[in-house]
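Chemist: no sequence for this one, just the structure:
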């Protein structure tokens, strides 16, 4: 059971809280250190009743800037450059789902936390282009993660601009995904966000996460939200994540 | 024009960015220092084509804890205690809308930022109980603001628990509303959030904001998210807001 929990949870990035856990279960989680999303893709056939939608793939709402950047990073992916010379900066696109646990089987551990109606906060709006449209790429050495984010009109805070909470949400998502590349199950301990310039609704921005250091269970990351050409800084942040295990969530 | 912009914008709390503005317009904004939401209620008939829904009123999705706390603070409101002895702690409920600007008329300033489809991030989900259910009360002396928040299943981050971005969003909302009581148009400059313990989906929590100090255009606030009886600390944060004016948004 613990092993399957570990495999299922390797498909998750966990954000938003800090807890202390049972070291006995940690090995199951830590053993799935590869990209959580990619692992999930491989594990899904064992648990799926149907194929879930991958929200990281282009849809008709994606604007020109979003598509150009997507194509740029895709052209630098392992698949695209296979057989070609390695230019030292290969990227991997991370698939993204809204309700992975629905497809999982499990016993007492999972039954305590599975809610069939639950949806990932950043993927809970059905209409393409109205909420969070984003795709993440991670660099091969896992020291850097980049997100292309197009902000829909349902994310309003200041009139005509993106809500500070929606920006914090994307920063948590990008840094959390990045941290999960190093330790499968992580949770946010701290987010410190400085807002420099508002982001107009409908615009596309780049969110870049850099791993600053690792200390035991702690991962320190920094993050910048800029215009797509990098000339305008919208937001900068630091984040601290802790590697955790399943039992820590259940004991809350 | 500038005057009507000031009146319309007095109905907003602005979160999520920092900017520097035109002092000529500031007087129009600063003159509407009363609770932004209450002012909006008074201003709306001049601009409305229909009455907007007040999301801060109870609906069928509100659980027992949410209703008990709502009734508690409502019983301490000015209306409820009218004619009775003042116990020194009177509260005012703040109405909440999802698209106030749609109802506004205006010229060149507003046409640059009005998007008829835009919706406030925290009120963009139609089905009651599935997203953010919350109501804010502010104390008469404006030194304290409290929010009762019930987290729906579309706010998931860690399996079965609220996304860290959704928690940051509520902290931004509560502290931003609080800051807007002191200066009508404010924007977030910094949010520093420490996540202590995850919040289970479906649960109700209290979010309390306290004004620590004011320095010119700067307002420093602190915030705690706890269980409804105050015994469990989920999250604590500090926030910095800047008072701004309309032109600052337009010049971004």
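Modeler: Arrived safely, thanks for sending. Please read these numbers as outputs of a predicted model, since none were measured by experiment.
Chemist: just the strands in the stretch 51-200 of chain A please.
Modeler: A:91-94, A:132-139, A:144-151, A:186-195 (DSSP state E, counting those that start in this stretch).
Chemist: would a markdown table of these with distance to chain B, mean pLDDT and mean neighbour count be doable?
Modeler: From N, CA and C alone the C-beta is placed, and that goes for glycine too. Formatted as a markdown table, the strands of the stretch 51-200 of chain A follow (distance: least, Cβ to the nearest Cβ, whole Å; pLDDT from 0 to 100; neighbours: other Cβ atoms under 10 Å in any protein chain shown):
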| stretch | distance to chain B | mean pLDDT | mean neighbour count |
| --- | --- | --- | --- |
| strand A:91-94 | 16 | 94 | 22 |
| strand A:132-139 | 10 | 96 | 23 |
| strand A:144-151 | 10 | 97 | 23 |
| strand A:186-195 | 4 | 97 | 25 |
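Chemist: so which of those strands comes closest to residue B:97?
Modeler: Checking the strands of the stretch 51-200 of chain A against residue B:97 by Cβ to Cβ gives strand A:144-151 as the closest, at 20.6 Å.
Chemist: Identify, by residue count, the longest helix of chain A.
Modeler: Determined from DSSP state H, the single longest helix within chain A is helix A:164-180.
Chemist: Dump the strands of the stretch 51-200 of chain A into a markdown table; add distance to residue A:179 as well.
Modeler: Shown next, in a markdown table, are the strands of the stretch 51-200 of chain A (distance: least, Cβ to Cβ, whole Å):
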| stretch | distance to residue A:179 |
| --- | --- |
| strand A:91-94 | 13 |
| strand A:132-139 | 11 |
| strand A:144-151 | 9 |
| strand A:186-195 | 5 |
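Chemist: Residue B:187 is nearest to which of those?
Modeler: Comparing those by Cβ to Cβ, strand A:186-195 comes nearest, at 7.2 Å.
Chemist: now the angle from that closest one to strand B:186-195?
Modeler: If you take axes from the mean of the first three to the mean of the last three Cα atoms, to 10 degrees, strand A:186-195 sits at 160 degrees to strand B:186-195.
Chemist: What strands line up against whatever helix or strand comes next after strand A:186-195, and which way round?
Modeler: Going down the chain from strand A:186-195, the next helix or strand is strand A:204-215, by DSSP states H and E. In the sheet, strand A:204-215 lines up against strand A:144-151 (antiparallel), strand A:218-227 (antiparallel) (DSSP bridges).
Chemist: Show me which residues of strand A:204-215 are buried.
Modeler: For strand A:204-215, the neighbour count (16 or more other Cβ atoms under 10 Å in any protein chain shown) marks A:204-211 as buried.
Chemist: Check which helix or strand the residue nearest to residue A:190 when sequence neighbours are not counted maps to.
Modeler: Of all residues not flanking residue A:190 in the chain, residue A:240 sits nearest, at 4.2 Å (Cβ to Cβ, 6 or more residues apart in numbering or on different chains). Per DSSP H and E, residue A:240 falls inside strand A:233-243.
Chemist: So which bits of that strand are buried?
Modeler: Applying a neighbour-count criterion of 16+ other Cβ under 10 Å, the buried positions in strand A:233-243 are A:234-243.
Chemist: between that strand and helix B:164-180, how many degrees?
Modeler: Going by the same axes, to 10 degrees, strand A:233-243 makes 130 degrees with helix B:164-180.
Chemist: Does strand A:233-243 pack against any helices or strands, and if so which?
Modeler: Using 3 or more Cβ pairs under 8 Å, 6 or more residues apart in numbering or on different chains; DSSP states H and E, the elements in contact with strand A:233-243 are helix A:23-30, helix A:164-180, strand A:186-195, strand A:204-215, strand A:218-227.
Chemist: Comparing those, which yields the minimum mean pLDDT?
Modeler: Note on these: lowest mean pLDDT is at helix A:23-30, with a mean of 26.
Chemist: Isn't residue A:120 up against residue B:155?
Modeler: No - using Cβ atoms under 8 Å, residue A:120 is not in contact with residue B:155, being 9.2 Å away.
Chemist: So for those two, which sits in the more crowded spot?
Modeler: residue B:155 (27 against 24; other Cβ atoms under 10 Å in any protein chain shown).
Chemist: Contact partners for that one?
Modeler: Residue B:155 sits next to A:121, A:124, B:131-132, B:162-163, B:166, B:201 when contact means Cβ atoms under 8 Å, 6 or more residues apart in numbering or on different chains.
Chemist: okay, now the nearest residue to it once chain neighbours are set aside: neighbour count?
Modeler: Spatial nearest neighbour of residue B:155, excluding adjacent residues (Cβ to Cβ, 6+ apart): residue B:166 at 4.2 Å. Taking other Cβ under 10 Å as the criterion, the count of residues near residue B:166 is 31.
Chemist: What of residue A:58?
Modeler: Residue A:58: 14 neighbours (other Cβ under 10 Å).
Chemist: That one: what's it in contact with?
Modeler: A:66-67, A:70.
Chemist: can you list those in a markdown table and add pLDDT?
Modeler: As requested, the contacts of residue A:58 are exported to a markdown table (pLDDT from 0 to 100):
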| residue | pLDDT |
| --- | --- |
| A:66 | 97 |
| A:67 | 97 |
| A:70 | 97 |
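Chemist: Look at the closest residue to residue A:61 other than its chain neighbours and say how many residues are nearby.
Modeler: Once flanking residues are discounted, residue A:61 sits nearest to residue A:129: 2.6 Å by Cβ to Cβ, 6+ apart. When neighbours are counted by other Cβ under 10 Å, residue A:129 registers 18.
Chemist: Would you confirm that residue A:129 contacts residue A:152?
Modeler: Yes - at 5.4 Å, residue A:129 counts as touching residue A:152 under the criterion of Cβ under 8 Å.
Chemist: what residues do these two have in common as contacts?
Modeler: residue A:61.
Chemist: Let's see the pLDDT reported for the spatially closest residue to residue A:156 that is not a sequence neighbour.
Modeler: Distances taken as Cβ to Cβ, 6+ apart place residue B:118 nearest to residue A:156, at 4.4 Å, with adjacent residues excluded. On pLDDT, residue B:118 comes in at 89.
Chemist: residue contacts, residue B:118?
Modeler: Applying Cβ under 8 Å, 6+ apart, the residues near residue B:118 are A:153-154, A:156, A:159-160, A:201, B:99, B:101.
Chemist: same check, this time on residue A:117
Modeler: Contacts of residue A:117 by Cβ under 8 Å, 6+ apart are B:130, B:153.
Chemist: List phi and psi for it.
Modeler: Torsion angles at residue A:117 (phi, psi; degrees, to the nearest 10) stand at phi -90, psi -10.
Chemist: Now do it against residue A:236, distance only.
Modeler: Distance from residue A:117 to residue A:236, counting by Cβ to Cβ, to the nearest Å: 36 Å.
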